[in-house]
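**Student:** model this:
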Amino acid sequence: MTNTEAFLRRTKIVATLGPATDDPAVLADMVRAGLDVARINFSHGGKDEQRRRIVAIRAAAETVGRPIGILADLSGPKIRIESFENGKIMLAEGQPFALDISLDPNAGNDREVGCAYKDLVKDVKAGDTLLLADGYIVLEVTAVKGTRIETLTRAGGELSNRKGLNKQGGGLSAPALTEKDLEYIQLAAEMGVDFLAVSFARDAADIRRAKAELSKWRGTAHVVAKIERHEAIDNLSDILSVADAVMVARGDLGVEMGYAALTGLQKTIIQQAQMANRIVITATQMMESMISNPVPTRAEVSDVANAVLDGSDAVMLSAETAAGKYPVKAVAAMSEVIIGAEKYEIGHTKRGRRMDGEFQNTEEAIAKAVMFTAQHTHPRAIVALTESGLTPLWMSRMRADIPIFAFTRQDVTRSRVTLYRGVYPVLFDVTHESPAKMYQAIFDELLKRGLVDVGDQIILTKGDLSGVQGGTNSMQILRVRRGT
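**Tutor:** Sure thing, here's the model as predicted:
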């Protein structure tokens with residue numbers, strides 16, 4: 001994918017790095033195929049391994065010549081059973097089975113197994129439903145006796161070591177940030193990642209704590225709240241008030257809330273994120289079959305397309321790239337599907353936000369004025385001279401078809417806007433001697449990249465004081481001309 005082709009796609013692609021992407025050539029090809037943001041999954045591997053992957057993706061981005069954002073994803077309190085003597089068991093429907101927090105971690109059998117989450121006995125009662133292995137195993141709690149939770153198997157099957165456990169309807173009291181997470185927040189700050197995802201966030205307090213920990217280590221990452229708990233749905237408005245972005249994490253969310261509710265929840269989360277002017281990522285099993293197959297299924301194509309049409313800013317690949325056979329093809333296929341879907345966006349997916357009412361700041365006011373003007377004058381491009389990326393972020397909320405170029409000298413801003421829908425970073429020194437020279441430098445950059453032609457109209461936003469963060473206060477309509 002060329003730079004020009006990348007500008008045809010507004011919805012961004014997040015892809016997870018892992019063993020399948022450790023070859024530098026594979027990473028570079030993923031960037032060429034359309035990768036926008038690399039996800040580093042802190043649930044797997046040690047700190048040295050994660051450092052190597054962060055360094056490697058930055059090197060690949062430099063090689064290809066495209067900025068790539070980095071999203072570090074905290075493990076969170078993944079609640080798991082312990083292990084079995086023989087590695088796995090078979091549970092039959094109606095079979096009694098127990099979870100015992102005092103059992104030896106490796107002594108599980110077809111009657112009982114240990115549990116790594118010791119407070120489980122406090123969080124459940126008779127009549128509750130426990131879901132194991134992504135919901136494939138369903139257990140009904142019949143009694144809680146000391147350290148032991150007695151259950152009956154309602155849906156059986158194979159159960160192997162260290163599978164995840166959820167309580168249907170939520171209610172587990174495990175905190176969102178574990179001791180391991182606190183250590184890895186320091187790593188994220190040290191490595192200067194662009195985004196930090198908080199797994200199993202319950203409420204706004206979890207996000208505030210993550211931000212406070214980041215600040216303690218002088219981290220500047222924007223915080224992404226992963227919506228995957230029942231409690232997060234109940235507290236979604238408060239979470240959106242403090243998080244910079246949210247992720248529709250459909251795996252655990254589907255288990256806790258029930259798969260039948262998942263499609264409606266996805267649409268609701270995306271809509272509320274848009275209303276709150278927040279970035280939203282849709283994730284989990286989007287092209288799952290491409291772990292082992294070179295092309296997606298038709299159902300997966302529809303899933304990605306619907307996430308785009310719902311209004312996602314980004315869609316995410318997980319095991320498809322981290323451990324799959326075709327990581328480059330998975331990115332390329334997702335890019336192709338997105339471009340196809342965006343051709344069919346209809347009015348409600350392109351609607352603007354906050355065209356009435358009060359704006360939060362000058363940058364938002366300018367951004368909305370620009371997008372209103374663009375919708376009625378149809379310029380070839382929008383150029384935002386920016387230090388922080390805030391003005392193009394506001395513009396991206398309007399969901400127009402016109403590409404928004406964030407011209408900035410700040411590396412951190414170039415990386416961060418890679419997640420903003422329809423926004424593309426351009427390295428540019430905004431501190432020119434005169435407006436005339438600055439305008440011509442902008443025209444030259446756009447012409448060099450083949451993004452405009454001489455005579456095209458563009459809209460420019462800037463501040464009176466170049467290079468000052470938060471100073472955007474003007475909009476200009478300009479006609480592209482070639483330098484003498």
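**Student:** identify the residues contacting the longest helix seen in the chain?
**Tutor:** Taking DSSP state H as the assignment, the helix of the chain that covers the most residues is helix 47-64. Helix 47-64 is contacted from outside by 17, 21-22, 24, 27-28, 30-32, 38, 40, 42, 67-68, 70, 72, 184, 187, 191, 193, using CB atoms under 8 Å, 6 or more residues apart in numbering. C-beta: built from backbone N, CA, C; applies to glycine.
**Student:** in it, which residues are buried?
**Tutor:** Of the residues in helix 47-64, those buried by neighbour count under the rule 16 or more other CB atoms under 10 Å are 50, 53-54, 56-58, 60-61, 64.
**Student:** from the contacts of helix 47-64, which would you call buried?
**Tutor:** Buried, going by 16+ other CB under 10 Å: 17, 21, 27-28, 30-32, 38, 40, 42, 67-68, 70, 72, 184, 187, 191, 193, out of those.
**Student:** please read off the pLDDT at the residue lying closest to residue 27 once chain neighbours are set aside from the model.
**Tutor:** Excluding the flanking residues, the one nearest residue 27 by CB to CB, 6 or more residues apart in numbering is residue 60, at 3.9 Å. The predicted structure scores residue 60 at 98 on the pLDDT scale.
**Student:** equivalent analysis for residue 131, please.
**Tutor:** According to the per-residue confidence, residue 131 scores 96 in pLDDT.
**Student:** assign it to helix, strand or coil.
**Tutor:** Each residue gets one of three states, and residue 131 gets strand by DSSP: H, G, I helix; E, B strand; the rest coil.
**Student:** residues touching it, list them.
**Tutor:** Applying CB under 8 Å, 6+ apart, we find residue 131 in contact with 137-139, 165-168, 255-256.
**Student:** neighbour count and secondary structure added to these, as a markdown table?
**Tutor:** Listed next are these as a markdown table, based on neighbours: other CB atoms under 10 Å; DSSP: H, G, I helix; E, B strand; the rest coil:
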| residue | neighbour count | secondary structure |
| --- | --- | --- |
| 137 | 21 | strand |
| 138 | 20 | strand |
| 139 | 27 | strand |
| 165 | 21 | strand |
| 166 | 26 | strand |
| 167 | 20 | strand |
| 168 | 18 | coil |
| 255 | 22 | helix |
| 256 | 24 | helix |
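**Student:** so which of those residues is the closest to residue 301?
**Tutor:** residue 255 (24.4 Å; CB to CB).
**Student:** that older thread, what is the nearest of the contacts of residue 131 to residue 386?
**Tutor:** For residue 386, the closest of the contacts of residue 131 turns out to be residue 256, at 39.1 Å, with distances computed as CB to CB.
**Student:** distance check, that closest one against residue 400.
**Tutor:** As judged by CB to CB, to the nearest Å, residue 256 and residue 400 stand 36 Å apart.
**Student:** where does residue 82 fall, phi/psi-wise?
**Tutor:** Per-residue torsions, residue 82: phi -90, psi -150 (degrees, to the nearest 10).
**Student:** ok, now which ones touch it?
**Tutor:** Contacts here follow CB under 8 Å, 6+ apart; on that basis residue 82 touches 103, 105-106, 108, 113-116, 161-162.
**Student:** ok, so of those residues, who is nearest residue 313?
**Tutor:** The closest of the contacts of residue 82 to residue 313 turns out to be residue 162 (CB to CB; 33.3 Å).
**Student:** wait, that closest one sits on residue 80?
**Tutor:** Yes. Assessed by CB atoms under 8 Å, residue 162 is found in contact with residue 80 at 5.0 Å.
**Student:** need the overlap of contacts for those two.
**Tutor:** Counting by CB under 8 Å, 6+ apart, the residues touching both residue 162 and residue 80 are residue 116.
**Student:** with neighbour numbers in mind, choose between those two.
**Tutor:** For residue 162 and residue 80, the more surrounded residue by other CB atoms under 10 Å is residue 80, and the numbers stand at 16 against 12.
**Student:** can you identify the element that follows the helix or strand of the chain with the lowest mean pLDDT toward the C-terminus?
**Tutor:** Averaged element by element with mean pLDDT, DSSP states H and E, the chain has its least confident helix or strand at helix 347-350 (a mean of 46). Under the assignment DSSP states H and E, the closest C-terminal helix or strand after helix 347-350 is helix 362-377.
**Student:** contacts for the next helix or strand after that following helix?
**Tutor:** Later in the chain than helix 362-377, the nearest helix or strand by DSSP H and E is strand 381-385. With CB under 8 Å, 6+ apart as the test, strand 381-385 has contacts from 370, 374, 391-392, 395, 402-408, 428, 430, 442, 446, 451-452, 456, 458-463, 466, 472.
**Student:** okay, and for the chain, where does confidence drop off?
**Tutor:** 1-7, 346-360, 432-433, 464-471, 484 (pLDDT under 70).
**Student:** now do the domain split for it, please.
**Tutor:** Structurally, the chain divides into domains by automatic domain parsing as follows: 3-75+175-343, 88-167, 362-479.
**Student:** burial count for residue 291?
**Tutor:** By the other CB under 10 Å criterion, the neighbourhood of residue 291 contains 20 residues.
**Student:** is it true that it touches residue 323?
**Tutor:** Yes. With the criterion set as CB under 8 Å, residue 291 and residue 323 qualify as a contacting pair; they are 6.7 Å apart.
**Student:** hmm, back to that, pull out the buried members of the contacts of residue 82.
**Tutor:** 103, 108, 113-116, 161.
**Student:** that older thread, how about the contacts of residue 82 in CSV, adding distance to residue 344?
**Tutor:** Putting the contacts of residue 82 into CSV (distance: CB to CB, whole Å) gives the following:
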residue, distance to residue 344
103, 54
105, 52
106, 53
108, 50
113, 48
114, 51
115, 47
116, 46
161, 45
162, 43
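**Student:** as CSV, these with secondary structure and distance to residue 272 would be great.
**Tutor:** Written out in CSV, the entries for the contacts of residue 82 read as follows (DSSP: H, G, I helix; E, B strand; the rest coil; distance: CB to CB, whole Å):
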residue, secondary structure, distance to residue 272
103, coil, 42
105, coil, 41
106, coil, 44
108, strand, 41
113, strand, 38
114, strand, 39
115, strand, 34
116, coil, 33
161, coil, 38
162, coil, 34
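**Student:** just the strands in the stretch 351-484 of the chain please.
**Tutor:** Secondary structure of the stretch 351-484 of the chain (DSSP state E, counting those that start in this stretch): strands located at 381-385, 404-408, 423-427, 457-463, 472-479.
**Student:** residue 225: which of these is closest?
**Tutor:** That would be, of the strands of the stretch 351-484 of the chain and by CB to CB, strand 423-427, which comes in at 20.9 Å.
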